[in-house]
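Asks: I would like to see how this sequence folds:
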Amino acid sequence: MNTQASAILRYPKGWFALTTVYSFTGLAILASIVFSLLLFLSIDDNPLMKWLFGGLAIIFELGKFYVWYEYGECKARRDLGGAFWSLLFYSVLAAISIGGSIGGINSATNTILSQQARHERELARFDEQIASIERQIQLNEEAARKYIEMARISSGVSGLQQANTKLRLKQDELRQERDAKPVNEQSSMLGLMSSLADGVGMSISQVQFLLVCFLSVLLDVFGAFFVSLIGEENRFRRRWLWQQAREHAAARQAASAANVPPLVSKPEPEPAVVAQVRSVLESGELKCSKRGVAEALSLSLEEVDRVFQHLLAQGVLGQGSNRHYHLSAQAG
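Replies: Residues are numbered from 1 along each chain as shown. Next comes the predicted model:
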């Protein structure tokens, strides 16, 4: 009961829903194709091979989603063999696609990590130079103290003080150059990976691999879901149109039947009346006139008409082109 009620209340999706579904499906397929291209195009640097591998990636991606659509069709038809082979073929193509997506997304995240690492290396180099100058200043100050202890202030301390002044100026220049470097804003992806790494106690590289695998699988599941949604909507629309056509045909048939008056079967005449009318007609006492027979035998015209129809069916009477009754040759 509930299933029938839901089928009655459901209608095919409108243009807005269909536009949204087809848009999401197209974007998911396009993203999957792009990530697969990133993997296949990196196999060989030869331009011809790039074209071949790129075309192979596109064929795999489009074929994967079509096979998934065919799996839904076979499942709806209860074709278990076709559904099994379609699912097996899709699994192989999906594995290739997920591998391509992992390679593409991993390449993007590696770029983010390399940029962050390069920026950190530049800052670390400045910090190392500043620290080295600070160590040199400390050595010079230690040497100056020794000169003071040996009462050789005029010969050594002034030179060391001048050297430290130059070193401090160099140190200030390095600090200003370091601080003038633009701040490398942490991307959302890098922030997410850092937070997950701190939360689960894993390295960023391990978190990166798991996150890339999750996003790749999610992309394929997302595309497969919307392809299934399109297939189910097409099947429902075909059933709905077929049911509408049946209902319209039944309504037209009922309307045409209502315009035709029903045929009322006439009751059979009584055998005694039939025998009496046949006797007077065959003997020639009365002519084959319904009115004359009705008046002579005190019968109603309707009853005489039923008797004449009965005798006509038995072949006792005949009917000419003018629809007048007469005794048949066999009866005569």
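Asks: Could you check how far residue 194 is from residue 202?
Replies: 11 Å (C-beta to C-beta, to the nearest Å). C-beta here means a position set from N, CA and C on the backbone, and glycine is covered the same way.
Asks: Quick check: mean pLDDT of the strand or helix carrying residue 306?
Replies: Using DSSP states H and E, residue 306 maps to helix 301-314. For helix 301-314, mean pLDDT rounds to 79.
Asks: One more: stretch 235-244?
Replies: The model assigns stretch 235-244 a mean pLDDT of 88.
Asks: likewise stretch 201-218?
Replies: The model assigns stretch 201-218 a mean pLDDT of 79.
Asks: May I have it exported as PDB, CA atoms only?
Replies: The C-alpha atoms that make up stretch 201-218 are tabulated as PDB, following Å, rounded to 0.1, in the frame of the first residue of the first chain:
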ATOM      1  CA  GLY A 201      49.800  11.200  16.200                       C
ATOM      2  CA  MET A 202      51.000  10.500  12.600                       C
ATOM      3  CA  SER A 203      53.400  12.300  10.300                       C
ATOM      4  CA  ILE A 204      52.200  14.800   7.700                       C
ATOM      5  CA  SER A 205      53.200  12.400   4.900                       C
ATOM      6  CA  GLN A 206      51.100   9.600   6.200                       C
ATOM      7  CA  VAL A 207      48.100  11.900   6.800                       C
ATOM      8  CA  GLN A 208      48.600  13.200   3.300                       C
ATOM      9  CA  PHE A 209      48.400   9.800   1.800                       C
ATOM     10  CA  LEU A 210      45.300   8.800   3.700                       C
ATOM     11  CA  LEU A 211      43.600  12.100   2.900                       C
ATOM     12  CA  VAL A 212      44.400  11.800  -0.800                       C
ATOM     13  CA  CYS A 213      43.000   8.300  -0.900                       C
ATOM     14  CA  PHE A 214      39.800   9.400   0.800                       C
ATOM     15  CA  LEU A 215      39.300  12.300  -1.600                       C
ATOM     16  CA  SER A 216      40.000  10.100  -4.600                       C
ATOM     17  CA  VAL A 217      37.500   7.500  -3.500                       C
ATOM     18  CA  LEU A 218      35.000  10.200  -2.600                       C
END
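Asks: how far is it from where the chain is centred?
Replies: 26 Å (C-alpha atoms, centre = their mean, to the nearest Å).
Asks: ok, and for that stretch, which residues are buried?
Replies: 204, 207, 208, 211, 212, 215, 216 (16 or more other C-beta atoms under 10 Å).
Asks: and what of stretch 84-95?
Replies: 86, 87, 89, 90, 93, 94.
Asks: hey, where'd the helices end up in this structure?
Replies: Along the chain, the stretches classed as helices by DSSP state H are 2-9, 15-41, 47-76, 80-149, 158-179, 188-200, 204-259, 271-283, 290-297, 301-314.
Asks: ok, back up a step: how far away from the center of its chain is the helix holding residue 306?
Replies: 72 Å.
Asks: now stretch 221-235
Replies: That offset, for stretch 221-235, works out to 2 Å (C-alpha atoms, centre = their mean).
Asks: Contacts for the helix holding residue 306, please.
Replies: 266-269, 273-274, 277-278, 281, 288, 290-291, 293-294, 297, 299, 317-319, 325 (C-beta atoms under 8 Å, 6 or more residues apart in numbering).
Asks: Please, a PyMOL command that selects the buried ones among the residues you listed?
Replies: Burial among these is assessed by 16+ other C-beta under 10 Å; the matching PyMOL selection reads:
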select buried, resi 269+273+274+277+278+281+288+290+293+294+299+317+318+325
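Asks: Can you check the pLDDT for residue 222?
Replies: You'll see residue 222 listed with a pLDDT of 87.
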